[in-house]
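Undergrad: The sequence and its predicted three-dimensional model are supplied below.
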Amino acid sequence: MEAVGRSIALALLLLAISPLLIAETVTLPAVASLPPGTAAAPFFSDVRVFNTSYTLPVSVTAVYRCFLGTCPAAAPQATFTLAPRESRAFDDFVATAFDAPSSAGAVELTSSGTSVRVTSRLYSTAPVPTVGMFVPGLRSSEAHAVSVLTSLANGLFRTNVGLYNGNDAGVTATVRLFDGADLLGVQTVTLGPRAGTQINRIFDAVGQGGRVTTNAFAVVDSGNAAIPLFTYAAVIDNATTDPSFVAGAEDEPVPQPQTVTINVKAWDFSPGGPNSPALMLTVGTTYTLVFHNVDTPGTPNPRHGFSGISDLGLPASDDISPGHDFVIPWFTPLAFQRGSHPFSCTQNECGGDPEQHRGMQGILVIQ
Amino acid sequence: MKTLVALRQLSALSALALLFSVGARADTLTVPAVTSLPVGSAASPFFSDVRVFNTSYTAPVGVTAVYRCFLGPCPAAAPQVQFTVGPRESRAFDDMIQSAFNTPSTAGAVEFTSSGGDLRVTSRLFSPAAAGGTNGMFVPGVKASDAHFASVLPGLANGAFRTNIGFYNGNDVGVAATIRLFQGSALLGSQTVIVGPRSGTQLNRIFDVFGQGAVVTTNAYAVVESSSAAAPLFAYAAVIDNVTADSSFVAGDPDAALPAGDPAPTATPPGSAPPSPTPTPTPTTAATVVVNLTAEQFKWSFDGGGTSFVMHVGQTYEVHMKTLDVTHGFSGLPGIGLSGAALSPGAAEIVQTIRPTADQVGSHVFVCDIFCGTGHGFAGNIQIAQ
């Protein structure tokens, strides 16, 4: 009985002091110190670190995870103590606290307890005096294996997408950009541990710079449920250069695609046509489409193409040749896309016979 | 053994209930600041573009959006719209207050409730720039867990910037919310605002409201505290560059509650001179005079009469302020000792006492500083005479 009492007392004691023992890390996923001349536009981060406790000081260790520009060899860090209710100001944090001008990255601020709040403003001094955006300090629970960034825009605006990997393991992440049902493009980025990257003008990066939209979205997938990422977008008005910070929100796991191989030879897609049956796909299922050349050896000009299907957002290719597959990694037909969609070969001389080439047309049926 | 079976049954029942509750759960996301203020209806035009996204790959989700209007000519009943968002659809609502709720020249919050689905809501609140383009800020749709009993808003600025502070009460009960503004350890001012259920307010130019318009800082912070731990509030600040009009949205973070037994801090007077000993009061020669100041769209009235009132040096006045219709803001007259105050419908009168002195003789003009409709900005006047 006495032992039980001691155990309970010990448990209560641990419970009481545990908030003081827990180390919490708050991450600023985007900070910069880019003076005029070091980048297309100058950018700086002013950071505020606040201790909510009315009674206890708190020690904070800030580590700069530089990944753009002139990065120091080792991650610079700064340790400081906040008095109760103190708000510590770090203007141009990257330069003043870490002496790492002309660089950008993320900052991890670790403290004992849970009393630290971190906010920042990332801003440009062009136009004068400033235009900028609020970048919050994020807790580890705000990193996600799959996240979605909405309200993305292009045309009157431009959009940059950023990722930070706050884990001790590297990861290859996939960024998929959508506008409605259209998959505009895919970018794959490899991130080391405690590293990140930013894809500037993502519409340009996926070859869709001419797209005009204010309602696109991006899905960032780390490909590993155990490796969540901090993600964000900066949507920038091209006229005023005013940026808005969009924080990544947790998204559903991306369905694993089902691979469909389309064997291509002179003068047929199989499945697809004209000699083989139509390519049948089902609404709601995600596919990877692999166009694979199967011309017999000795076939003259054994190179074919795929016209793409713009209504479905499927891209074109003019190179389906021996040893060179054309892959559409991710396609999910939607209900309104039901019906027959024709496509054709784009290589006029394929198989050495232009006349036969003209008849090399297939059908994709969404059911 | 019977006990074990019963426990297993109970456990299975609990699991089933949990499963069912997740499936039937209604989630609400709140965008705490939305507006549609066309050109001419406010000092600057402002609009909110909202996006609603369904994360499901397979199931559509039904959404009810309710507009909780609390600034401007609000309709009597909260307007609402219902819509369905398809799998992986991002639904766009440009100028949502106008296009979905048909309530231009107003501002407030929008609650998005869905059942059986998982939504993400984002928005941008922006103003068209004179030379083309827009300036704005991202305003996220926030979960109920993002409302706090006490919130802290760091990174507030004044001088080259201005700061507005707002909050939304998403509860079914009214609360008194206290806003305290700090610079370092100095309390610059505090104000208590009564907010009805599903209502909110915004205090524009918070430094001016507290008579601290001359303070130059980029490192102030504010604490917004609800009168009830059971009624947390969504708090935010908008920090605006005075030259570019670029705004940044600061989301309220959870703060520690003021320790029990600690008296609430008292404000540093404008000019931040250290407090001096309280002088022995001069005996008054007349009883305190009560003055009733009311606000309504779009005029101030003293004792039900004109927009101007004469006070005399040496006389003590008790000024009772209230609104007769929507929320208005008394901009304050720090030069004669009257602090700014938000006047909310149904709230208790704000009472302030002053005793004019000889060096205050003259005309003191005040305005409504909380947007209240197309005639917003109306002025009143207190004349101090010998």
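TA: It's in. Given the structure is predicted, the values throughout are model-derived calculations rather than measurements.

Undergrad: can you tell me if stretch B:70-90 touches chain A.
TA: Yes - contact between stretch B:70-90 and chain A, assessed by C-beta under 8 Å from any C-beta of the partner chain, occurs at B:86, B:87, B:88, B:89, B:90. (Glycine included, C-beta is placed from N, CA and C.)

Undergrad: Can you add neighbour count and give those back as JSON lines?
TA: Listed next are the residues of stretch B:70-90 next to chain A as JSON lines, based on neighbours: other C-beta atoms under 10 Å in any protein chain shown:
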{"residue": "B:86", "neighbour count": "16"}
{"residue": "B:87", "neighbour count": "20"}
{"residue": "B:88", "neighbour count": "21"}
{"residue": "B:89", "neighbour count": "19"}
{"residue": "B:90", "neighbour count": "22"}
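
Undergrad: Pass me the low-pLDDT residue ranges in chain B, would you?
TA: Within chain B, the segments meeting pLDDT under 70 span B:1-26, B:41-43, B:260-286, B:304-305, B:373-377.

Undergrad: before we move on, what about the stretch 1-150 of chain A?
TA: In the stretch 1-150 of chain A, residues with pLDDT under 70: A:1-21.

Undergrad: What parts of it come near chain B?
TA: Checking the stretch 1-150 of chain A against chain B by C-beta under 8 Å from any C-beta, the hits are A:46, A:48, A:50, A:52-55, A:85-87, A:89, A:91, A:115, A:117, A:119-121, A:127-134, A:136, A:148, A:150.

Undergrad: Contact partners for residue A:43?
TA: A:32, A:33, A:34, A:104, A:122, A:123, A:124 (C-beta atoms under 8 Å, 6 or more residues apart in numbering or on different chains).

Undergrad: re earlier: narrow the residues of the stretch 1-150 of chain A next to chain B to those in strands?
TA: Using DSSP state E, A:46, A:48, A:50, A:87, A:89, A:117, A:119-121, A:131-134, A:136, A:148, A:150 are the members of the residues of the stretch 1-150 of chain A next to chain B that sit in strands.

Undergrad: Which stretches in chain A count as helices?
TA: Assignment of helices within chain A using DSSP state H yields the ranges A:2-21, A:93-98, A:202-205, A:354-358.

Undergrad: how's the chain carved up into domains?
TA: Here I'm looking at chain A. Following automatic domain parsing, one finds the domains of chain A at A:19-139, A:143-250, A:258-366.

Undergrad: my bad, chain B
TA: B:25-140, B:147-254, B:289-385.

Undergrad: Residue of chain A nearest chain B, please.
TA: With C-beta to the nearest C-beta, the shortest gap between chain A and chain B falls at residue A:239, namely 2.5 Å.

Undergrad: excluding its backbone neighbours, what's nearest residue A:129?
TA: residue B:243 (5.3 Å; C-beta to C-beta, 6 or more residues apart in numbering or on different chains).

Undergrad: ugh, typo on my part, it should be residue B:378
TA: Among residues not flanking residue B:378 along the chain, residue B:298 sits closest, at 4.5 Å (C-beta to C-beta, 6+ apart).

Undergrad: surely the one you found meets residue B:371?
TA: No - counting by C-beta atoms under 8 Å, residue B:298 does not reach residue B:371; the two are 11.3 Å apart.

Undergrad: So for the two, which sits in the more crowded spot?
TA: For residue B:298 versus residue B:371, the count of surrounding residues by other C-beta atoms under 10 Å in any protein chain shown is larger for residue B:371: 25 against 15.

Undergrad: Would you mind listing what in the stretch 251-367 of chain A touches chain B?
TA: With C-beta under 8 Å from any C-beta as the criterion, the stretch 251-367 of chain A comes near chain B at residues A:251, A:252, A:255, A:284, A:286, A:332, A:334, A:335.

Undergrad: Among those residues, name the buried ones.
TA: A:251, A:252, A:332, A:334 (16 or more other C-beta atoms under 10 Å in any protein chain shown).

Undergrad: Taking those together, which two end up most distant?
TA: Among these, the pair separated by the greatest distance (C-beta to C-beta) is A:251 and A:334, at 17.4 Å.

Undergrad: What residues does residue B:181 make contact with?
TA: Going by C-beta under 8 Å, 6+ apart, residue B:181 touches B:156, B:187, B:188, B:189, B:190, B:206, B:207, B:210, B:212, B:220, B:221, B:222.

Undergrad: so which of those residues comes closest to chain A?
TA: In terms of C-beta to the nearest C-beta, no member of the contacts of residue B:181 lies closer to chain A than residue B:221, at 5.1 Å.

Undergrad: which parts of the stretch 51-200 of chain B sit against chain A?
TA: With C-beta under 8 Å from any C-beta as the criterion, the stretch 51-200 of chain B comes near chain A at residues B:51, B:53, B:55-58, B:86-90, B:92, B:94, B:118, B:120, B:122-124, B:129, B:131-138, B:140, B:152, B:154-155, B:160, B:182, B:184-185.

Undergrad: Among those, which ones are in strands?
TA: B:51, B:53, B:90, B:92, B:120, B:122-124, B:134-138, B:140, B:152, B:154-155, B:182.

Undergrad: ok, now how distant is the residue nearest to residue B:378 from residue B:70?
TA: To residue B:70, residue B:298 is 17 Å away according to C-beta to C-beta, to the nearest Å.

Undergrad: Then residue B:306?
TA: From residue B:306 to residue B:70 the distance is 29 Å (C-beta to C-beta).

Undergrad: follow-up on the earlier one: if any of the ones in strands among the residues of the stretch 1-150 of chain A next to chain B are buried, put those into a ChimeraX selection.
TA: Remark: buried members of those, expressed as a ChimeraX selection using 16+ other C-beta under 10 Å:
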select /A:46,48,50,87,117,119,120,121,131,132,133,134,136,148,150
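
Undergrad: Closest to residue A:247 out of the ones in strands among the residues of the stretch 1-150 of chain A next to chain B?
TA: residue A:136 (7.0 Å).

Undergrad: pretty sure that closest one contacts residue B:251?
TA: Yes - counting by C-beta under 8 Å, residue A:136 touches residue B:251, with 6.4 Å between them.

Undergrad: Can you give the distance of stretch B:27-36 from its chain's centre?
TA: Relative to its chain's centre, stretch B:27-36 lies at 13 Å (C-alpha atoms, centre = their mean, to the nearest Å).

Undergrad: right, I mislabeled it, should have said stretch A:163-182
TA: Centre-to-centre, stretch A:163-182 and its host chain are 3 Å apart (C-alpha atoms, centre = their mean).

Undergrad: Buried ones in that stretch, by neighbour count?
TA: A:163-167, A:171, A:173-182.

Undergrad: Could I get the CA-only coordinates of that stretch as CSV?
TA: Provided in CSV are the C-alpha atoms of stretch A:163-182 (Å, rounded to 0.1, in the frame of the first residue of the first chain):
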residue,chain,number,x,y,z
LEU,A,163,9.5,23.1,-48.0
TYR,A,164,11.6,22.5,-44.8
ASN,A,165,12.6,19.1,-43.6
GLY,A,166,13.0,19.4,-39.8
ASN,A,167,13.9,15.7,-39.5
ASP,A,168,17.2,13.9,-39.0
ALA,A,169,16.6,11.9,-42.2
GLY,A,170,16.6,13.0,-45.8
VAL,A,171,13.6,12.7,-48.0
THR,A,172,12.5,13.0,-51.6
ALA,A,173,9.4,15.1,-51.7
THR,A,174,6.9,15.6,-54.6
VAL,A,175,5.1,18.8,-55.3
ARG,A,176,2.0,18.5,-57.5
LEU,A,177,0.4,21.7,-58.8
PHE,A,178,-3.3,21.7,-59.7
ASP,A,179,-5.8,24.1,-61.2
GLY,A,180,-9.2,22.6,-60.8
ALA,A,181,-8.9,19.0,-62.0
ASP,A,182,-5.8,19.8,-64.1
